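Participant: What follows is a protein structure lacking sequence information:
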């Protein structure tokens, strides 16, 4: 049986909502690994008790076919520092749980506004399920809109398929992202109604009592002296709204029961006559799909709702749409007076069956399977397939349709900050040593040999370097080309001369001369089939080596980018900066085992230690000879890095990113380089004085 991982926007122990009901229905045909919404560890006893098991990724069985993983959060999770540390903690717990999952992961359904897709999903399809307009509801959720927007954008980029609960929300996200969005509305249970029901002339309101409700409508209904049963917790934060709710709930014709178990809610709904959905006409509510409307129908009730798109979408005559507060109160009164006919009961039953949670779960399963089948059909079925991030790969035979060229700048003359780095004493000798230690051996070790390698050098290079480069290139290992600068036309001419332009497509890969590739990098990248040309390919997982330690890193826009284009309209991986090239062409992000190795050695232009500390043992075979001096970390080192080292690095990178954004906004992209030059010159002058 396959496993579906469900990243939820709520906790399993919370009131049943979209996520919990979908998960239960998905568990009919799959194992479900439910991932809780992270909550502060100091506030929840059960999270503290399961902390060790959560870190190890050990879930707890909570329902047939469903295992739950609690996620701990640090205090003040809404604040930047605590939020970043919580992201690390949550990521570690989820990755550990996925590593323990047996069998195939069919898909990862993410309906959380703050959890990102795991870096590695075991080949499972990523489905982003939008249950609300999270950006419009940022205030209700207690998170900064800019943070929610960043997470949403990252998940949209990572997702293989995206769905939303309403047509309005789907249209909005599709317009902003440029991607198609499937509509999978909320559903309802299909519980059997008790025989011989004796319903009271009472109207029911179920759900959280907060600012989403139209209090004018509620006050109008209560003022008409109808009996009202209210079930649900208060979650209001606005003082004015709170005062109005106080007055409303204290009315003699209002019976407020507070939060109740789902079974008791369903029982009570079968004793009343009308359900109401009095939501205010806001941007957030227009994109939502209230659960309560269908749940009222499931209980056999007639419904009165405010005029929102989801109510009209249901298209049932049992759902009356009110135009204003007085009209709402009138329709509630009329519905209480009118008995439910046999024909109306049949219509309600048919509507409930059409919109059941099982039907919604079937839609989710079809989206997952259709995406996988579409990818398989694109590649064909004659060879074994490996599915990663929406692309099917087969790394067995050379690809005759591509001319593949690795491109390396060794010591091309450069301006700005890089010129200062390259002017340091010993830079060239250190560079050639790194090249021979990491870069060259990793290219020689490639399992797929059908590629070319061009290395550009400064014509003014010292004689010893020219001689050494000549020795290393013997046998055609690479093609050294000496130029003062390389423009787009010169680059394409050199590539044509080296490859002979013998294939249909051009594939170029950037490789810095102090870094390395996994032994299967060329085979994997040549197996990519891009639906559009040109496209840029990123292997998101890589390693960072600093001194004798190794770090596993996920980088969605790393420097090891490859560009696949048609020779009729050729473009290369040097057409733009690696962190900007995804804005000029479609991006393909491939997860899986690490595909690259960055070496931090003290004379880097931009590389820094990032990622989490790991053992080199399981990576040695993919990077033969490149980790001979890497030590095996003990448990204390791993724990120290998890608690102190990695959070400190993330905070440092967040500060650098913020400073970079401000600099770009004020001075433009070239301003970053000017700032680096000035800072380097100041440091150099200070050094002379000392």
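Facilitator: Perfect, thanks for sending it. Values in this document were obtained by computation on a predicted structure and should not be read as measured data.

Participant: is it true that residue 51 touches residue 41?
Facilitator: Yes: under the criterion of C-beta atoms under 8 Å, residue 51 makes contact with residue 41 at 6.5 Å. In this view, the C-beta of every residue, glycine as well, is placed from N, C-alpha and C.

Participant: Return every residue with contacts to both of the two.
Facilitator: residue 72 (C-beta atoms under 8 Å, 6 or more residues apart in numbering).

Participant: Compare the two (neighbour count), which wins?
Facilitator: The neighbour comparison of residue 51 against residue 41 (other C-beta atoms under 10 Å) goes to residue 41, with 21 against 15.

Participant: Confirm residue 589 sits in a strand?
Facilitator: Yes: counting by DSSP: H, G, I helix; E, B strand; the rest coil, residue 589 is part of a strand.

Participant: ranges for the helices of the stretch 351-500 of the chain?
Facilitator: In the stretch 351-500 of the chain, the segments counted as helices under DSSP state H, counting those that start in this stretch are 357-379, 417-422, 427-434, 440-444, 463-472, 488-499.

Participant: Now tabulate the ones you listed in TSV and tack on mean pLDDT and mean neighbour count.
Facilitator: What follows is the helices of the stretch 351-500 of the chain, written out as TSV (pLDDT from 0 to 100; neighbours: other C-beta atoms under 10 Å):
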stretch	mean pLDDT	mean neighbour count
helix 357-379	81	17
helix 417-422	46	16
helix 427-434	89	16
helix 440-444	94	18
helix 463-472	94	13
helix 488-499	94	15
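
Participant: Might you report the residue contacts of the closest residue to residue 455 other than its chain neighbours?
Facilitator: Spatial nearest neighbour of residue 455, chain neighbours left out: residue 408 (4.6 Å); criterion: C-beta to C-beta, 6 or more residues apart in numbering. Neighbouring residues of residue 408 by C-beta under 8 Å, 6+ apart: 439, 453-456, 478, 510-513.

Participant: what do you get for residue 76?
Facilitator: 40, 82.

Participant: Try it again at 7 Å.
Facilitator: Going by C-beta atoms under 7 Å, 6 or more residues apart in numbering, residue 76 touches residue 82.

Participant: Pull the distance from the strand or helix carrying residue 348 to the chain's centre.
Facilitator: Using DSSP states H and E, residue 348 sits in helix 342-354. Centroid separation for helix 342-354 versus its chain: 39 Å, with C-alpha atoms, centre = their mean, to the nearest Å.

Participant: And stretch 583-601, by the same measure?
Facilitator: Remark: stretch 583-601 is offset 16 Å from the chain centroid, using C-alpha atoms, centre = their mean.

Participant: And the average pLDDT for that stretch is what?
Facilitator: Mean per-residue pLDDT for stretch 583-601: 87.

Participant: Make 37 the starting number, not 1.
Facilitator: Got it, first residue is 37 now, which makes that one stretch 619-637.

Participant: start to end distance for that stretch?
Facilitator: The first and final residues of stretch 619-637 sit 31 Å from each other (C-alpha to C-alpha, to the nearest Å).

Participant: Okay, angle between the helix holding residue 384 and helix 393-415 too, please.
Facilitator: Angular relation of helix 378-390 and helix 393-415 on a 0 to 180 degree scale: 40 degrees, by axes from the mean of the first three to the mean of the last three C-alpha atoms, to 10 degrees.

Participant: Can you tell me the centre-most residue of this structure?
Facilitator: Geometric centre of the chain, nearest residue: residue 191, 2.9 Å, by C-alpha atoms, centre = their mean.

Participant: which residues sit in contact with that residue?
Facilitator: Contacts here follow C-beta under 7 Å, 6+ apart; on that basis residue 191 touches 146, 152-153, 164.

Participant: go with 6 Å
Facilitator: 153, 164 (C-beta atoms under 6 Å, 6 or more residues apart in numbering).

Participant: what's the answer for the one 3 residues further on, then?
Facilitator: Shown in contact with residue 194 (C-beta under 6 Å, 6+ apart): 153, 162.

Participant: next one: residue 101
Facilitator: 63, 67-68.

Participant: Am I right that residue 316 is in contact with residue 253?
Facilitator: No: judged on C-beta atoms under 6 Å, residue 316 makes no contact with residue 253 at a distance of 8.2 Å.

Participant: In terms of neighbours, single out the busier of these two.
Facilitator: When neighbours are counted by other C-beta under 10 Å, residue 316 and residue 253 differ, and residue 253 comes out ahead with 25 against 16.

Participant: Apart from its chain neighbours, what residue comes closest to residue 287?
Facilitator: residue 258 (5.4 Å).

Participant: The one you found and residue 146, how far apart?
Facilitator: For residue 258, the distance to residue 146 (C-beta to C-beta, to the nearest Å) stands at 40 Å.

Participant: what about the residue nearest to the centre of the chain, which SS state?
Facilitator: The local conformation at residue 191, judged by three-state DSSP, is helix.

Participant: shaky segments in this protein?
Facilitator: For the chain, the stretches with pLDDT under 70 are 228-233, 410-433, 450-461, 638-644, 689-690, 692-694, 696-726.

Participant: how does it look with 50?
Facilitator: Where the chain drops to pLDDT under 50, the residues are 414-432, 452-459, 640-641, 708, 712-713, 716, 719-722, 726.

Participant: by how many degrees do whatever helix or strand residue 340 lives in and helix 378-390 diverge?
Facilitator: Per DSSP H and E: residue 340 is located in strand 338-342. For strand 338-342 against helix 378-390, the angle by the same axes, to 10 degrees is 70 degrees.

Participant: Determine the set of other helices and strands touching strand 338-342.
Facilitator: strand 310-313, helix 327-334, strand 355-358, helix 361-373 (3 or more C-beta pairs under 6 Å, 6 or more residues apart in numbering; DSSP states H and E).

Participant: In its sheet, which strands sit next to that strand, and in what direction?
Facilitator: According to DSSP bridges, strand 338-342 forms sheet pairs with strand 310-313 (parallel), strand 355-358 (parallel).

Participant: quick one, which of the ones you listed is packed in tightest?
Facilitator: Mean neighbours per residue, mean count of other C-beta atoms under 10 Å, is largest over these for strand 310-313, with a mean of 28.

Participant: Which SSE is immediately downstream of that strand?
Facilitator: Following strand 310-313 in sequence, per DSSP H and E, is helix 319-322.

Participant: Now residue 526. Nearest residue, chain neighbours left out?
Facilitator: Closest residue to residue 526 apart from its sequence neighbours, by C-beta to C-beta, 6+ apart: residue 519 at 6.8 Å.

Participant: From the contact counts, what lies against the one helix or strand residue 542 maps to?
Facilitator: Residue 542 is part of strand 541-546, with elements assigned from DSSP H and E. When contacts are defined as 3+ C-beta pairs under 6 Å, 6+ apart, strand 541-546 packs onto strand 438-445, strand 598-602.

Participant: Quick check: which of those is nearest to residue 582?
Facilitator: With C-beta to C-beta, the closest approach to residue 582 among the helices and strands packed on strand 541-546 belongs to strand 438-445: 21.7 Å.

Participant: Check the offset of that closest one from the chain's centre.
Facilitator: 31 Å.

Participant: Tell me what angle that strand forms with strand 541-546.
Facilitator: 20 degrees.

Participant: What separation is there between the nearest residue to residue 173 once chain neighbours are set aside and residue 326?
Facilitator: Among residues not flanking residue 173 along the chain, residue 320 sits closest, at 4.6 Å (C-beta to C-beta, 6+ apart). Distance of residue 320 to residue 326, given as C-beta to C-beta: 11 Å.
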